[in-house]
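> Okay, sequence plus prediction incoming.
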2 protein chains.
Amino acid sequence: MVESVERLQQRVRELERELAQERSRRVLGDGDGGGGRVRIEKMSAEVVDSNPYSRLMALKRMGIVSDYEKIRTFAVAIIGVGGVGSVTAEMLTRCGIGKLLLFDYDKVELANMNRLFFQPHQAGLSKVQAAEHTLRNINPDVLFEVHNYNITTVENFQHFMDRISTGGLEEGKPVDLVLSCVDNFEARMAINTACNELGQTWMESGVSENAVSGHIQLIIPGESACFACAPPLVVAAKIDEKTLKREGVCAASLPTTMGVVAGMLVQNVLKFLLHFGTVSFYLGYNAMQDFFPTMSMKPNPQCEDRNCRKQQEEYQKKVVALPKQEAAQEEDAIIHEDNEWGIELISEVSEEELNSSGQVPELPEGITVAYTIPNKQKDSVPQVTVEDSGESLEDLMAKMKNM
Amino acid sequence: MVESVERLQQRVRELERELAQERSRRVLGDGDGGGGRVRIEKMSAEVVDSNPYSRLMALKRMGIVSDYEKIRTFAVAIIGVGGVGSVTAEMLTRCGIGKLLLFDYDKVELANMNRLFFQPHQAGLSKVQAAEHTLRNINPDVLFEVHNYNITTVENFQHFMDRISTGGLEEGKPVDLVLSCVDNFEARMAINTACNELGQTWMESGVSENAVSGHIQLIIPGESACFACAPPLVVAAKIDEKTLKREGVCAASLPTTMGVVAGMLVQNVLKFLLHFGTVSFYLGYNAMQDFFPTMSMKPNPQCEDRNCRKQQEEYQKKVVALPKQEAAQEEDAIIHEDNEWGIELISEVSEEELNSSGQVPELPEGITVAYTIPNKQKDSVPQVTVEDSGESLEDLMAKMKNM
């Protein structure tokens, strides 16, 4: 009887110890720790259930991509790991990108749970830390470098510039692409400034405050309009702006719109890096009407960013130096029209419309500008003309800052 | 002493049970188990970091949705929890849908890791079990019902029909919507048959084998074309079909295309259930050109599914019984043209083109049919006319089965 009690007591102690171990493993967030996957040295096209790359390598057999393995040679920086940025990072991770550099200074909150990627148990962690943990577990072949800071402060901006220009797959080389997935005007302008100075190709993305429209944009410094060349283009919401109140300061968001925008963005990234299909310079998404406008814009020779103007000069020199046929092709990359706005349209627009400075140019259906630039030639006092809304520049700038 | 032994034995049983629970939670992928969130009785619009619904409820303040809370009253069935279905389920879960019914008989494999949602440590688990676990953790307010079986077997099909017609939020009531996220022809036909018999509205989704196109389609029995009314429409890939070889039997897939299609699908679901924006009857996605064709189709009066023909009669009776104005609106829901195909176009098509049976009708740019139906009136011997490809019906049916 005594023996029996002792045996039972020992069993209780054993079980308590095992239970404590199990609990600590689980609390560490290691549901995954047990059964992740090992690193894979070389991408294979072998069709077996255990090959995480078989469906991607099949793109070669299908005649879509000629050299899919090249994905491993690219480094992509993502600024903003929120509703669009986190899904963008997950898609690139699953595609087997070589290296990801993530920049964000925010923490995961339960209020983010209406978007994909982050889970409730990550609330309180920094977004870049939580993202790195999940992404590394999904694909240990990807290299990660994360920075938990705001790129818009002077000191951080310098470090950000440094990592963009030297944080490539091979340290010392620049990254291959920068993706802006931020939710405010200052951060977009900081990325624009950095990329103009470095001549770094980047893509912009955005989702409207009412959650039902978004866009992506490819910016090749000197070749296509930068973020300072023209007012940022947004997809017209076609809803009554008066219903859009601001006192609550809480933008709406939907996992659907963010998922579509992230999908369009990463698809454009894959097409750009792996050379297939047509890379879009601007692709919008109007969820209310299921309408997807496209367009392209050439840079503004009067752009206020001097590095943009410098890149434009260098691009022109490059085009002139090319053999004639190539130069023509290069020029055709963006269909040109001479106009002060530098806005290139797929639809036909008259010279008159385009030369009427200070007015909203006629854009493809469904695209609109956030504000217009004053006509400096005609007026010495800066004036801002805004179509219909009658809002002040201050109102509009406040809006822009909340984009 | 006896008492003590009994107490100890009871304690051992308790600990063993707790340990088993802990282990199963960890094996299921519960890094999360520790810090999930508690259930929320009532959706609130309060703007605090701890409110997972604040960004969704903001859709009301933005004037997009008049009654967002209604999302909790709907039950949606998802058949196929793969690349599109899993993301669809996650989006609806994060949006706070009332109940999800998931049907799939597949297991998670490492070969699925190029798509979103599943993680490597879940390899080997059934897709519905792994999905339920992750989704419940993301949003414990959603009710889940999962079925790990193939709906196309006779016995399972009956059970599937039964759950569709009685598994609503209130047991005994039908579900509000059925979503087809399957990857083969038989399963689509089974869903079509069930929904025609039950008069159940459903949405179809699909992604091409080359991973660069996809589509969604809304089917309201009797009102819009069912899956048997017309050859399934696919988005033209505009790539050389000869490069598409089949011996390897491994379709390509991309997280981007699947993410965009899932986003378009769930956006359409939200618009349909919560009454905002324009619900699309057909929306395609051509990733190579960033082209998104839309169209709608009326049902085929000669549809081979007798329940489809019955639903058409009932719909016609309903339209006739309506007051004149409402009937006209109802009729306008799909723009009608008389043609044997019953294919309704947004673009203009001549009567001649539409009446030339056995030919491929002129569809909106970028949409094509998988095969054509023989002209029974003119020929007694069934003939299949296929544009350009010169493939046999068998080849095409084999293709269809791998859709």
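Received the coordinates, thanks. Numbering: from 1, shown residues only, chains lettered A, B, ... in the order given.

> Please, which helix or strand holds residue A:16?
Taking DSSP states H and E as the criterion, residue A:16 maps to helix A:2-27.

> How about residue A:162?
helix A:154-166.

> how about the CA coordinates for that helix, as CSV?
Coordinates of each C-alpha in helix A:154-166 appear next as CSV, following Å, rounded to 0.1, in the frame of the first residue of the first chain:
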residue,chain,number,x,y,z
VAL,A,154,17.0,61.8,-39.5
GLU,A,155,19.2,59.2,-37.9
ASN,A,156,17.1,56.2,-39.0
PHE,A,157,16.8,57.6,-42.5
GLN,A,158,20.5,57.5,-42.9
HIS,A,159,20.7,53.9,-41.7
PHE,A,160,17.8,53.0,-44.0
MET,A,161,19.6,54.6,-47.0
ASP,A,162,22.6,52.6,-46.0
ARG,A,163,20.8,49.3,-45.8
ILE,A,164,19.0,49.8,-49.1
SER,A,165,22.3,50.6,-50.8
THR,A,166,24.4,47.8,-49.2
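
> following it, which helix or strand shows up next?
Trace forward from helix A:154-166 with DSSP H and E and the next one is strand A:177-180.

> Could you point out the helix or strand that follows that following strand?
Next along from strand A:177-180, by DSSP H and E: helix A:185-198.

> and the helix or strand following that following helix with helix A:154-166, angle?
Sequence order places strand A:202-207 as the next helix or strand after helix A:185-198, per DSSP H and E. Interaxial angle, strand A:202-207 versus helix A:154-166 (axes from the mean of the first three to the mean of the last three Cα atoms, to 10 degrees): 120 degrees.

> Mind giving me the packing neighbours of strand A:202-207?
strand A:177-180, helix A:185-198, strand A:213-219, helix A:255-274 (3 or more Cβ pairs under 8 Å, 6 or more residues apart in numbering or on different chains; DSSP states H and E). C-beta coordinates here come from the backbone N, C-alpha and C atoms, glycine included.

> so which of those is the most packed in?
Comparing the helices and strands packed on strand A:202-207 by mean neighbour count (mean count of other Cβ atoms under 10 Å in any protein chain shown), helix A:255-274 comes out on top with a mean of 27.

> Can I get it as PDB, trimmed to CA atoms?
Only the C-alpha atoms of helix A:255-274 are listed here, as PDB (Å, rounded to 0.1, in the frame of the first residue of the first chain):
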ATOM      1  CA  PRO A 255      -8.600  41.600 -45.500                       C
ATOM      2  CA  THR A 256     -10.000  41.300 -49.100                       C
ATOM      3  CA  THR A 257      -8.800  44.700 -50.400                       C
ATOM      4  CA  MET A 258      -5.400  44.300 -48.700                       C
ATOM      5  CA  GLY A 259      -5.100  40.700 -50.000                       C
ATOM      6  CA  VAL A 260      -5.900  41.800 -53.600                       C
ATOM      7  CA  VAL A 261      -3.400  44.800 -53.400                       C
ATOM      8  CA  ALA A 262      -0.600  42.600 -51.900                       C
ATOM      9  CA  GLY A 263      -1.300  40.000 -54.600                       C
ATOM     10  CA  MET A 264      -1.200  42.600 -57.400                       C
ATOM     11  CA  LEU A 265       2.000  44.100 -55.900                       C
ATOM     12  CA  VAL A 266       3.900  40.800 -55.500                       C
ATOM     13  CA  GLN A 267       2.700  39.600 -59.000                       C
ATOM     14  CA  ASN A 268       4.300  42.800 -60.400                       C
ATOM     15  CA  VAL A 269       7.500  42.100 -58.400                       C
ATOM     16  CA  LEU A 270       7.700  38.600 -59.800                       C
ATOM     17  CA  LYS A 271       7.100  39.800 -63.300                       C
ATOM     18  CA  PHE A 272       9.700  42.500 -62.900                       C
ATOM     19  CA  LEU A 273      12.400  40.300 -61.300                       C
ATOM     20  CA  LEU A 274      11.800  37.100 -63.400                       C
END
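
> How far off centre is that helix?
Offset of helix A:255-274 from its chain centre (Cα atoms, centre = their mean, to the nearest Å): 8 Å.

> Ok, stretch A:55-74 next?
Taking mean C-alpha positions (Cα atoms, centre = their mean), stretch A:55-74 and its chain are 22 Å apart.

> hmm, back to that, for the helix holding residue A:162, give the mean pLDDT please.
Averaging pLDDT along helix A:154-166 yields 97.

> and that helix, what does it pack onto?
Against helix A:154-166 (3+ Cβ pairs under 8 Å, 6+ apart) you get strand A:75-79, strand A:99-103, strand A:143-147, helix A:185-198.

> elements contacting the host helix or strand of residue A:134?
Secondary structure from DSSP H and E places residue A:134 in helix A:127-138. If contacts are counted by 3+ Cβ pairs under 8 Å, 6+ apart, helix A:127-138 sits against helix A:85-95, strand A:99-103, strand A:143-147.

> what angle do the first one and helix B:85-95 make?
Helix A:85-95 and helix B:85-95 are oriented at 160 degrees to each other (the same axes, to 10 degrees).

> Okay, angle between helix A:85-95 and helix A:255-274 too, please.
Calculated by the same axes, to 10 degrees, helix A:85-95 forms an angle of 50 degrees with helix A:255-274.

> Residue A:283 is in what secondary structure piece?
Taking DSSP H and E as the criterion, residue A:283 maps to strand A:282-286.

> same for the helix or strand following that strand, what does it pack against?
Following strand A:282-286 in sequence order, the next helix or strand is strand A:294-297 (DSSP H and E). If contacts are counted by 3+ Cβ pairs under 8 Å, 6+ apart, strand A:294-297 sits against strand A:282-286, strand A:343-344.

> quick check, distance from strand A:294-297 to the centre of its chain.
Taking Cα atoms, centre = their mean, one finds the center of strand A:294-297 at 17 Å from the center of the full chain.

> Quick one: mean pLDDT over it.
Averaging pLDDT along strand A:294-297 yields 88.

> If we go by neighbour counts, what in the following helix or strand past that strand is buried?
Downstream of strand A:294-297, the next assigned helix or strand under DSSP H and E is helix A:306-321. Neighbour counts over helix A:306-321 (16 or more other Cβ atoms under 10 Å in any protein chain shown) mark A:307, A:308, A:309, A:311, A:312, A:315, A:319 as buried.

> so how far is residue B:94 from the third one?
Between residue A:309 and residue B:94 the distance, using Cβ to Cβ, to the nearest Å, works out to 44 Å.

> Quick check: residues of the stretch 51-200 of chain A near chain B?
For the stretch 51-200 of chain A, the residues found near chain B under the criterion Cβ under 8 Å from any Cβ of the partner chain are A:51-56, A:58-59, A:61-64, A:87, A:90-91, A:94-96, A:109-111, A:113-116, A:119-123, A:134, A:137-139.

> Tell me which of these fall in helices.
Among those, DSSP state H puts A:54-56, A:58-59, A:61, A:87, A:90-91, A:94-95, A:134, A:137-138 in helices.

> out of those residues, which is most surrounded?
Neighbour counts for those, by other Cβ atoms under 10 Å in any protein chain shown, peak at residue A:87, which reaches 30 neighbours.

> what about residue A:166, how many neighbours?
The local packing of residue A:166 (other Cβ under 10 Å) involves 13 other residues.

> Thanks again, I'm all set now.
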